[in-house]
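Engineer: sequence below, structure please.
(chains A and B)
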Protein chains: 2
Amino acid sequence: MKKALLEKINNKTATVGIIGMGYVGLPLALEFAEKGFLTIGFDIDEKKIPLLNSGSSYINHIKADKIKKVVDSKKFFATTDFSKLTETDAIIICVPTPLNEHREPDMTYIENSGKVIAKYLKAGQFVALESSTYPGTTEEILQPLFEEAPIIQGSGKNNFTVGKDFYLAFSPEREDPNNLKYSTATIPKVVGGVTPDCLEIALSLYNHVIIQTVPVSSPRAAEATKLLENIYRSINIALVNELKMVFERMDIDVWEVVDAAATKPFGFQAFYPGPGLGGHCIPIDPFYLTWKAREYDINTKFIELAGEINTFMPYYVIEKAAEVLNKNKKSLNGSKILILGAAYKKDIDDMRESPSLKLIELLREKGAVVDYNDPFVPKLPQTRKYNYEMESVELTEKNLKSYDLILLSTDHTKYDYKFISENSNLILDTRNAFEKAGIKNSKIYKG
Amino acid sequence: MKKALLEKINNKTATVGIIGMGYVGLPLALEFAEKGFLTIGFDIDEKKIPLLNSGSSYINHIKADKIKKVVDSKKFFATTDFSKLTETDAIIICVPTPLNEHREPDMTYIENSGKVIAKYLKAGQFVALESSTYPGTTEEILQPLFEEAPIIQGSGKNNFTVGKDFYLAFSPEREDPNNLKYSTATIPKVVGGVTPDCLEIALSLYNHVIIQTVPVSSPRAAEATKLLENIYRSINIALVNELKMVFERMDIDVWEVVDAAATKPFGFQAFYPGPGLGGHCIPIDPFYLTWKAREYDINTKFIELAGEINTFMPYYVIEKAAEVLNKNKKSLNGSKILILGAAYKKDIDDMRESPSLKLIELLREKGAVVDYNDPFVPKLPQTRKYNYEMESVELTEKNLKSYDLILLSTDHTKYDYKFISENSNLILDTRNAFEKAGIKNSKIYKG
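Structural biologist: Below you'll find the predicted structure:
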């Protein structure tokens, strides 16, 4: 069984199915298709399928012609028909793992993927999970489902055994949208198999598309690795956010200090403060470990503290906004405020967990009249939490001058900081973007 | 005034005085002397002076012949006679900044240095402070002392003015003992002057001996930079220490996970867990900011949490020791335990704040009979807190076999891990040193 699958993988006659055509699944599917594997993209979102099959992209940093090429070469197509999973030899799950409103893991997407795979699972198939999740997910949720696959399918009384009848691994995605130096294929990939055979197959598959695979001893270890990476970021961002508040009282510029520390050639990595955490990983993943740790009667104090501080940052920005308006004898209540940048980080259109959305909410609560501008986000999309019907305001001289305060939330490279500063009454810069652009004057406050 | 001093610095006729002939001051003095500056080393420790003046070293990683060379060339001598400060043009303070028993800054060394400099300060002299300390020290403690120098000296009623009559800067040391890649001269150096002239002089002086100077806007910013560097380390070490405890419950090896995460080519820096924090910087410096922040009614929660976790680690190691002994039906009480490694980090002889000292205390409290071995530390030195009269035990087959438990605290490269494992009854490895040396068996526990 293993030998047959390995052979198919080695000679690229294996068909690869990828569940979830988002930021992770789509670029991975394109890699496999480009390398010559027939690749099927599965998604429950019906809007995505015709776009993909006509060679269009719905993700800003993934170019349409990359999709078009593999569609034209018939190496890739997308579908909502999960019965086509029976046509695949290897299945990779790239679905979201959000938190619910109580900061608990929402495993719906992984569970639903597991169930639909179990419904169609064939002897000899390989399955990998890539979603960031708590240690134990692969072995505690997917493995039992797949071992019961013959029962679920009604095709037999005997269970499957992992490592014998099917193969299972966890391999965390490390996508970094808009990273110009590293992309899917060039970022080393950690892989943990449930059994040594599972690991062997996983490595042989990923080795076709990834520059370097990094085997670890278990799916658990691979799951923990991804969490550590994001916990590290979450905590270090929270640390500089806390230090921003401490240093500000001492009349010390935190950005200057971080830049100076970054000249140390060892033992330091620079993180910069901001208006709050955004994106799909850093604000969310750490709490997967917190949740799981409770099962073992243990707390994750650093994660909790980082969450506390990072969650507080938008409130801090609002305090600063009130403070700089107050210096000009104005109140938040009734002020016209323009938020620059809606996306959660610069030069992308990704709105997931963007702190700008929280800023709009908080400013409105205080009675401010709020608009926004983002060259990448013409209209604010509806999210799980927010549904603003707002459109990006044009950055003209007249428009800029009409606001009491310009609040820079996302430091897009496209912004003409000189023009903005020349035509604004007052600026609150949460990213140190103006000074980085060489602009410093008494209208610009940092915060 | 400034021009004359700059000229002396530029043509290397300036005499440099360095106060504090320890881990920081001595290598810096050697750099200046090697570059051709007449350099005087000041220290209150009378034992050090004849050693230095005869070309001997009392610091393991500083080679005697380096000292001998500059003594022989008459470019360097050491003295306890601080009146010789009048013979210097530039004075650099490299004294310790410990914490007292209430975790408050002990500024005695800086204050005493300041006072003795003020006693001898001449118009036109330059003074730099290198000791890690809270933001504000240079301007709040040294500057007033030096401005009053003429009064202190009884030589006049007029005060000195900083930037006019004398020059003052802060430039944090970044020494990393035993770092084979970077040393005093090749580590970029952050410099903050009280006035632009102070900065100019500081840069011109340090540029003679340091590969790259990094000017910042104020001594405050330079002070904060050094603290950020060490806070970053303290917090990231505490984070992996916390995760060690969390992952252990989940049957996940934290060292494997850190190594796997370290394959991410961006956005991650690896830190490893251990038996507690040691050394003169990381356990201490962060609390300088905590102390100062209270003056501004603000807390430094990350520093407090890191302190809490790192301080707990030796207790955790003791729990683990009790656990592995218990598995073998033994109690801590009455067990013979050998601690491997007394220095706070590998391959050095530095005992400052070493967690091994705490481990000895805790083990004895529980009734264990404790010995230690350290190839770099033949006898345990007396420290502010501990005075054990213990000598390093030889690592023979017979000796090793006589202990119920070998507790590895410091992973010196010199250790023959194979030999140790073959001749030990039970091992608790707090550094993952045995596995790194390729040795894994049922007698070795990690913790």
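Engineer: tell me the buried residues in the one helix or strand in chain A whose mean pLDDT sits lowest?
Structural biologist: In chain A, the helix or strand scored least confidently by mean pLDDT, DSSP states H and E is helix A:149-153, which has a mean of 90. Residues of helix A:149-153 classed as buried: A:149-150, A:152 (neighbour count, 16 or more other Cβ atoms under 10 Å in any protein chain shown). Every residue, glycine included, has its C-beta placed from N, CA and C.
Engineer: could you give the angle of the helix or strand where A:Asn241 lies to helix B:219-249?
Structural biologist: Using DSSP states H and E, A:Asn241 sits in helix A:219-249. Relative orientation of helix A:219-249 versus helix B:219-249 (axes from the mean of the first three to the mean of the last three Cα atoms, to 10 degrees): 160 degrees.
Engineer: now helix A:219-249: mean pLDDT?
Structural biologist: For helix A:219-249, mean pLDDT is 97.
Engineer: what comes into contact with whatever helix or strand comes next after it?
Structural biologist: Counting by DSSP H and E, the next helix or strand C-terminal to helix A:219-249 is helix A:254-261. Here helix A:254-261 makes contact (Cβ atoms under 8 Å, 6 or more residues apart in numbering or on different chains) with A:240, A:243-244, A:247-248, A:268, A:270-273, A:432, A:435, A:446, B:190, B:214, B:216-217, B:221-222, B:224-225, B:228-229, B:232.
Engineer: which residues of chain A score low on pLDDT?
Structural biologist: The model of chain A has pLDDT under 70 over residues A:156-157.
Engineer: kindly recompute the last result at 50.
Structural biologist: Scanning chain A for pLDDT under 50 picks out no residues.
Engineer: hang on, the earlier thing: for the helix holding A:Asn241, which positions count as buried?
Structural biologist: Under the neighbour-count criterion of 16+ other Cβ under 10 Å, helix A:219-249 has A:219-248 buried.
Engineer: so which of these are also by chain B?
Structural biologist: Among those, the ones lying near chain B by Cβ under 8 Å from any Cβ of the partner chain are A:220-222, A:224-225, A:228-229, A:231-233, A:235-236, A:238-239, A:242-243, A:245-247.
Engineer: quick check: closest non-adjacent residue to the most centrally placed residue in chain A.
Structural biologist: By Cα atoms, centre = their mean, the mean C-alpha position of chain A lies nearest to A:His280, the distance being 3.4 Å. Of all residues not flanking A:His280 in the chain, A:Arg352 sits nearest, at 4.7 Å (Cβ to Cβ, 6 or more residues apart in numbering or on different chains).
Engineer: that neighbour reaches A:Tyr344, doesn't it?
Structural biologist: Yes: proximity of A:Arg352 to A:Tyr344 meets the contact threshold set by Cβ atoms under 8 Å, at 6.4 Å.
Engineer: joint contacts of these two?
Structural biologist: Residues touching both A:Arg352 and A:Tyr344 (Cβ under 8 Å, 6+ apart): A:278-279.
Engineer: more neighbours: which of those two?
Structural biologist: A:Tyr344 (26 against 19; other Cβ atoms under 10 Å in any protein chain shown).
Engineer: helix or strand for the more buried one, which one?
Structural biologist: Per DSSP H and E, there is no helix or strand for A:Tyr344.
Engineer: from A:Asp411, how far out is it?
Structural biologist: 12 Å (Cβ to Cβ, to the nearest Å).
Engineer: how about A:Tyr386: what's its closest non-neighbour residue?
Structural biologist: A:Leu357 (4.9 Å).
Engineer: for the stretch 301-447 of chain A, what lies in contact range of chain B?
Structural biologist: Near chain B, when you scan the stretch 301-447 of chain A using Cβ under 8 Å from any Cβ, you find A:301-302, A:305, A:308-309.
Engineer: with respect to B:Pro314, which of those is nearest?
Structural biologist: Ranked by distance to B:Pro314 (Cβ to Cβ), those are led by A:Lys301 at 18.0 Å.
Engineer: most neighbours among the residues of the stretch 301-447 of chain A next to chain B, which one is it?
Structural biologist: Neighbour-wise, those (other Cβ under 10 Å) top out at A:Phe302, 29 neighbours.
Engineer: for the stretch 301-447 of chain A, give the residue positioned nearest to chain B.
Structural biologist: Proximity of the stretch 301-447 of chain A to chain B (Cβ to the nearest Cβ) peaks at A:Phe302, 5.1 Å away.
Engineer: and the closest residue to A:Ser218 other than its chain neighbours, bridged to which residues?
Structural biologist: Leaving out its chain neighbours, the residue that sits closest to A:Ser218 by Cβ to Cβ, 6+ apart is A:Gly192, at 5.0 Å. Counting by DSSP bridges, A:Gly192 forms beta bridges with A:Phe170, A:Val216.
Engineer: neighbours of A:Gly192, how many?
Structural biologist: The number of residues near A:Gly192, taken as other Cβ under 10 Å, comes to 30.
Engineer: for it, list the residues it contacts.
Structural biologist: A:138, A:169-171, A:199, A:215-223.
Engineer: at which residues are the strands of chain A located?
Structural biologist: A:16-19, A:39-42, A:76-79, A:90-93, A:126-129, A:167-170, A:189-193, A:213-216, A:336-340, A:369-373, A:405-408, A:427-429, A:444-446 (DSSP state E).
Engineer: direction included, what does the third one pair up with?
Structural biologist: When pairing is defined by DSSP bridges, strand A:76-79 lines up against strand A:39-42 (parallel).
Engineer: what do you get for the last one?
Structural biologist: Taking DSSP bridges as the criterion, strand A:444-446 pairs within the sheet with strand A:427-429 (parallel).
Engineer: just to revisit the earlier point, with distance to B:Lys74 as extra columns, can I get the strands of chain A in CSV?
Structural biologist: As requested, these are arranged in CSV below (distance: least, Cβ to Cβ, whole Å):
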stretch, distance to B:Lys74
strand A:16-19, 74
strand A:39-42, 76
strand A:76-79, 77
strand A:90-93, 72
strand A:126-129, 70
strand A:167-170, 67
strand A:189-193, 59
strand A:213-216, 56
strand A:336-340, 63
strand A:369-373, 68
strand A:405-408, 59
strand A:427-429, 55
strand A:444-446, 52
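Engineer: figure out which of these is closest to A:Ser54.
Structural biologist: Closest among the strands of chain A, once you apply Cβ to Cβ, is strand A:76-79, at 10.1 Å.
Engineer: and the closest one, which residues are buried?
Structural biologist: Under 16+ other Cβ under 10 Å, the buried positions of strand A:76-79 are A:76-79.
Engineer: done for today, thanks.
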